[in-house]
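Give me a 3D structure for the following:
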Amino acid sequence: MCTFKKVLKIVAIVAAVAAAAAGVYLLVKKLKEKKDAEVDESDSLESFVSCSCLDDEPILVEDPE
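The predicted structure is shown next:
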């Protein structure tokens, strides 16, 4: 019976380590998705600032025929 308890403790320790690793993985994944969502929002057209360096150049428009 003593051997069974030792094996059970080892299995419990392995399960606890696996659960902790899974928790850290999910937390990192969630934070990464949140960060990517913030980057996507900052790339939207609402925050777009045009470059004024090309304002002095004439715009070439071809006549539609």
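
Where does the prediction get shaky in the protein?
For the chain, the stretches with pLDDT under 70 are 39-60, 63-65.

cutoff 80 now
Residues of the chain that meet the criterion pLDDT under 80 lie in 1, 37-65.

which residues of it fall in strands?
Ranges of strands in the chain, per DSSP state E: none exist.

what about residue 14, distance to residue 7?
Noted for residue 14: a distance of 11 Å to residue 7, by Cβ to Cβ, to the nearest Å. From N, CA and C alone the C-beta is placed, and that goes for glycine too.

same check, this time on residue 13
Distance from residue 13 to residue 7, by Cβ to Cβ: 11 Å.

got it, and residue 25?
27 Å.

same check, this time on residue 31
Taking Cβ to Cβ, one finds residue 31 at 37 Å from residue 7.

same thing with residue 34?
To residue 7, residue 34 is 41 Å away according to Cβ to Cβ.
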